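**Q** I would like the atomic coordinates for the input below:
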Amino acid sequence: MQKVLENIVSSLQQPSSCSALYLVPITLSQASIQYIQSIIFAHELTIKKKRKVPSTRDFQIGARIVLSGQIAKDAIVHAMESIIKPEILLFQPSWSIQDIKESMLFYRVPKDCGIYLAAMLESIVTHILELSLTVVQQQQQQGTILEPEHIKLGISKDNELESLFNGFDEIGSFSKLSSLQNDDNYNDNEICHTPE
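**A** This next block holds a predicted model:
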């Protein structure tokens, strides 16, 4: 995953900027939370339809519930393009499929759903990293490390991201998710409680 993020960061850098910008291991807690929220909403919609297998439409509706504005549009457009050309993705669809299966929300996950969800996540993470790089460049810290503080500052400069992630300060904060579920059995390392 770190290699994928480094590739995104390097593709976002301007040719005039210093090539010595390194990406330290960063936990993308906000994007991960948004990712899981989309899964939960898609699952709720699937239950209402009495189906056990999600469709890409379920994830598109879930994304529109969680996101709004240009970020949602960009993520959905990138996802639809990726369904046609999955080779353009840096995020592996198998990661999305594995996460969905481990969440135990669905018994079977079509390949298109993995592609769609991976593309949406890639679009959002790319947007966050692009804003973060702008913060580093504005601070004229060429050749420095992209720190989590740069990500927080980048998110705070975007109204849509700020409203989406408002209240999420670190990876252990699940206030929005806990309102969606009756189960309070979260720990610091898990986003969804998995029954044993």
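**Q** gap between the closest residue to residue 74 other than its chain neighbours and residue 149?
**A** In space, residue 74 comes closest to residue 123 once its chain neighbours are excluded; the distance is 5.5 Å by CB to CB, 6 or more residues apart in numbering. The way it works is simple: take the backbone N, C-alpha and C, and place the C-beta from them, glycine included. Using CB to CB, to the nearest Å, we find residue 123 at a distance of 23 Å from residue 149.
**Q** Please apply the same query to residue 96.
**A** In this structure, residue 96 and residue 149 are 28 Å apart, going by CB to CB.
**Q** ok, those two, which is more surrounded?
**A** Taking neighbours as other CB atoms under 10 Å, residue 96 and residue 149 compare with residue 96 leading, 25 against 10.
**Q** Looking at this protein, which helix is longest?
**A** What stands out as the longest helix in the chain, according to DSSP state H, is helix 111-138.
**Q** elements contacting it?
**A** helix 2-12, helix 29-48, helix 56-66, helix 69-84, helix 93-102, strand 145-146, helix 148-156, helix 159-164 (3 or more CB pairs under 8 Å, 6 or more residues apart in numbering; DSSP states H and E).
**Q** low-confidence ranges in this protein?
**A** For the chain, the stretches flagged by pLDDT under 70 are 1-55, 58, 62, 65-66, 68, 104-106, 141-144, 165-196.
**Q** How about the contacts made by the nearest residue to residue 122 once chain neighbours are set aside?
**A** In space, and not counting its chain neighbours, residue 122 is closest to residue 91: 4.2 Å by CB to CB, 6+ apart. Taking CB atoms under 8 Å, 6 or more residues apart in numbering, we find residue 91 in contact with 4, 118-119, 121-122, 125.
**Q** Check residue 158 too.
**A** By CB under 8 Å, 6+ apart, the contact list for residue 158 reads 127, 131.
**Q** For it, what are phi and psi?
**A** Note on residue 158: its backbone torsions stand at phi -120, psi 120 [degrees, to the nearest 10].
**Q** going forward, begin numbering at 15 instead of 1
**A** Sure, I'll start counting at 15 from here, so that last one is residue 172.
**Q** Could you report the separation of it from residue 163?
**A** From residue 172 to residue 163 the distance is 16 Å (CB to CB).
**Q** Kindly report the same for residue 108.
**A** According to CB to CB, residue 108 stands 32 Å off from residue 163.
**Q** Next: residue 147.
**A** 13 Å.
**Q** Next: residue 87.
**A** Taken as CB to CB, the span from residue 87 to residue 163 is 28 Å.
**Q** Please apply the same query to residue 126.
**A** Residue 126 is 37 Å from residue 163, by CB to CB.
**Q** now swap in residue 112 and tell me
**A** 31 Å.
**Q** what do you get for residue 144?
**A** Look at residue 144 and residue 163: by CB to CB, they are 16 Å apart.
**Q** got it, and residue 150?
**A** 10 Å.
**Q** Residue 85 now?
**A** Distance, residue 85 to residue 163, using CB to CB: 21 Å.
**Q** for residue 176, what are its contacts?
**A** 169-170.
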